[in-house]
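Undergrad: structure, please.
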Amino acid sequence: MTAYAHEFEVAAAPLHMSKVAVGCASIAALGKRQQLRTVGGEVPLVTRFMPKRASEMVGGSIYWIVKHQLVARQRIIGFAERDEDKKTIVRLDPQLVAVRPFPKRAHQGWRYLAAADAPPDLGAAGEAETLPSELMRRLMALALI
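TA: I've put the predicted structure just below:
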């Protein structure tokens, strides 16, 4: 009988980030903004500094905060540095994916978001028919959902 040794590299769940969609009152407004910013099949998001954990974030997502809720996400393709001022460009997939609305306070800049704390995509397996976002927000505020 032959024995085989297998080595498996256990990939940790990717790290995500959250960011306020400043000036966007809805997912639709965010979608329009991202569509206008799309260049070469990706959406560049400029930020001041390179995240210290950037390598863990490639393949993760940026979760957008609209009206104090995480409402959508975009996959992080990678990071780059802008030549003229050395600011960081977070390269995002242009597809905006709606997630189950989840309360999140507004904050400046971006914050890390662990995979375990990220809300599921809407329409994911087992996800029930969704309520209108305003109704969902009110029910969540009352701790009913």
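Undergrad: how close does residue 58 get to residue 38?
TA: As judged by CB to CB, to the nearest Å, residue 58 and residue 38 stand 19 Å apart. All C-beta atoms are positioned from the backbone trio N, CA, C, and that covers glycine.
Undergrad: list the buried residues in stretch 93-101.
TA: 93, 94, 96, 97, 98, 99, 100, 101 (16 or more other CB atoms under 10 Å).
Undergrad: and the third one, what does it touch?
TA: What that stands for is residue 96. Counting by CB atoms under 8 Å, 6 or more residues apart in numbering, residue 96 makes contact with 27, 30, 31, 34, 64, 72, 73, 74.
Undergrad: tell me the phi and psi of the last one?
TA: According to degrees, to the nearest 10, the main-chain angles of residue 74 amount to phi -140, psi 140.
Undergrad: do you know how far the closest residue to it other than its chain neighbours is from residue 13?
TA: Distances taken as CB to CB, 6 or more residues apart in numbering place residue 92 nearest to residue 74, at 4.4 Å, with adjacent residues excluded. Noted for residue 92: a distance of 19 Å to residue 13, by CB to CB.
Undergrad: pretty sure residue 75 contacts residue 92?
TA: Yes: counting by CB atoms under 8 Å, residue 92 is a contact partner of residue 75 at 6.9 Å.
Undergrad: which SS class is residue 138?
TA: helix (DSSP: H, G, I helix; E, B strand; the rest coil).
Undergrad: and the gap between it and residue 27?
TA: In terms of CB to CB, residue 138 sits 17 Å off from residue 27.
Undergrad: which one of the two has more residues nearby?
TA: residue 27 (19 against 13; other CB atoms under 10 Å).
Undergrad: contact partners for the more buried one?
TA: 64, 66, 71, 72, 96, 98, 133.
Undergrad: at 6 Å what do you get?
TA: Residues near residue 27 by CB atoms under 6 Å, 6 or more residues apart in numbering: 71, 72.
Undergrad: now swap in residue 34 and tell me
TA: 43, 96.
Undergrad: so it, which state does it fall into?
TA: Per three-state DSSP, residue 34 ends up helix.
Undergrad: distance of it from residue 99?
TA: From residue 34 to residue 99 the distance is 15 Å (CB to CB).
Undergrad: tell me which of residue 92 and residue 13 has more neighbours.
TA: Taking neighbours as other CB under 10 Å, residue 92 and residue 13 compare with residue 92 leading, 22 against 12.
Undergrad: thanks again, I'm all set now.
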